[in-house]
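Engineer: output the structure for:
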Amino acid sequence: MYRDNSLMPNEAIRLLALGILTEGERTYADLASAVRHFTERLVGPSLELIAQPLELLRVEGLVEAVDAKAPAESVCLRLTSAGKAALQTLLKSNLRPQINDLNKLIIALKIRFLHLLPEEEQRIQAELMMEILERDLARLQDLRDHHSADSGNLGAWLDLEVEQTRNRLAWYRGLAERLGI
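Structural biologist: Numbers count the residues shown, from 1 in each chain. Here you go, the predicted model:
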């Protein structure tokens, strides 16, 4: 993790892999395919997000083979108790203050696996996401105000960014309401 307790790209991949395994056992190939599919559809192919070998999860004791005697291509993996603890730690991580591709991926992962956290932690994560968007909105609105005379492309683009951020914030407020915040 970074010093601010936010996730590095390889930890986002780790969060995704461990979260997927909460849904059931998977072969290594199925797990790698699911990780690749999710990340590529959300942020596109990215050298920064090339996953550390999923085999490292086994070495670190976060996942284990269901049947070690099965052929390598059909060995199913499952979470260990250490893997479940690591997943909880990753889900409770901070978010970076700017919304970028990596943060979008981490937010999507937090939303996807939010139900795996205790209710109080779910509320904390929802509040964290709202705070990030509120800061993002303030930053964008300040830039738009600074360029208020711009009725051209920059002004129109900033208006679009402000509106999209407001819509996201409204969605997160609805999430917070559903979580009882």
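Engineer: I'd say Arg144 and Ala156 touch.
Structural biologist: No: the criterion here is CB atoms under 8 Å, and Arg144 misses it with Ala156 at 10.5 Å. Every C-beta, even on glycine, is put in place using the N, C-alpha and C of the backbone.
Engineer: quick one, which of the two is more surrounded?
Structural biologist: Arg144 (17 against 11; other CB atoms under 10 Å).
Engineer: pLDDT value on Arg14, please?
Structural biologist: Confidence at Arg14, expressed as pLDDT, is 90.
Engineer: please shift the residue numbers so they start at 46 in all later answers.
Structural biologist: Noted, 46 is the first residue going forward, which turns the last one into Arg59.
Engineer: domain ranges for this structure?
Structural biologist: 46-140, 163-226 (automatic domain parsing).
Engineer: which SSE is the residue most central in space within the chain in?
Structural biologist: Nearest to the mean C-alpha position of the chain, by CA atoms, centre = their mean, lies Ile151 at 1.9 Å. For Ile151, the element it lies in under DSSP states H and E is helix 146-158.
Engineer: and the residue nearest to the centre of the chain, what does it touch?
Structural biologist: 51-52, 57, 60, 138, 140 (CB atoms under 8 Å, 6 or more residues apart in numbering).
Engineer: now the strands for the chain?
Structural biologist: Ranges of strands in the chain, per DSSP state E, are 71-72, 108-110, 121-124.
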